[in-house]
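Here is my input; please provide its structure:
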Amino acid sequence: MSSPAASTASFGNLLRRFRANSRGSAALQFALVAPVFFALLFAIIETAIMFFATQLLETYTQEAARLVLTGQAQNSTYNTQGLFLSNFQTKVCSNILFNCSNINIDVKNYDSFGLITITSQITAGNFDTSTLTYCPGNAGRIVVVRLFYQWPLFVTGLGYNIANLTGNKRLLQATAVFQNEPFTAPAAPC
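Residues are numbered from 1 along each chain as shown. Modelled structure (predicted):
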């Protein structure tokens, strides 16, 4: 049987050897830092992709605004919100970032720039489509075109959550405000 002094000495010896041995310390340090590093990396990537998608939505909004501005949207092939949206979605859906079922459009016209009111489409964490209309207006009218897209988020459980809709989604929105050109087209439906 070993004496208590010998076991204390051997435990102290073992502890001293353990502190002196640095093999595996890099793996331990990486194991401690890796989760934070990857969480930050994925959050940066997701934010960058979302900003890229927002920029694409801005571009598509300008294209939609051009159709209204020049009077093309007021002709017979685009005379309702459904027709305008379906024809416009054909262009937008060729892009792999967007799912067509999540794109919504709002087109309203006003008498002057001072009368424009833009309200939030988020109600209690949900996207409110009840006020979306399609009214492109006639020549000379002030028009506001807004496109909306419900962007799904994936890196939300790591303490970085930029969702503004329930279900871990963020509502992306792009707006164009302009005055219609003096075109000749049938009267707008509203």
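
avg pLDDT for the lengthiest helix in the chain?
The helix spanning the most residues in the chain, taking DSSP state H as the definition, is helix 25-69. Mean pLDDT, helix 25-69: 89.

Does anything pack onto that helix? Which helices or strands?
Packing partners of helix 25-69 (3 or more C-beta pairs under 8 Å, 6 or more residues apart in numbering; DSSP states H and E): helix 81-92, strand 103-110, strand 142-152, strand 169-179. C-beta: built from backbone N, CA, C; applies to glycine.

got those as CSV, with distance to residue 121 and mean neighbour count columns?
Below are these laid out as CSV (distance: least, C-beta to C-beta, whole Å; neighbours: other C-beta atoms under 10 Å):
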stretch, distance to residue 121, mean neighbour count
helix 81-92, 15, 16
strand 103-110, 8, 20
strand 142-152, 6, 21
strand 169-179, 7, 18
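
looking at these, which has the lowest confidence?
Going by mean pLDDT, the lowest-scoring of the helices and strands packed on helix 25-69 is helix 81-92, which has a mean of 70.

While we're on residue 187, how confident is the model there?
64.

next one: residue 120
With respect to pLDDT, residue 120 has a value of 93.

Which of the helices or strands spans it?
For residue 120, there is no enclosing helix or strand under DSSP states H and E.

returning to what we had before: among the helices and strands packed on helix 25-69, which comes closest to residue 55?
Set against residue 55 and scored by C-beta to C-beta, the helices and strands packed on helix 25-69 come closest in strand 169-179, at 8.9 Å.

Can you give the distance of the closest one from its chain's centre?
11 Å (C-alpha atoms, centre = their mean, to the nearest Å).

For it, enumerate the helices and strands it packs against.
helix 25-69, strand 142-152.

looking at the ones you listed, which is buried most?
Burial of the helices and strands packed on strand 169-179 is given as mean neighbour count (mean count of other C-beta atoms under 10 Å); strand 142-152 ranks first at a mean of 21.

If anything else comes up later, I'll come back, but that's it for now.
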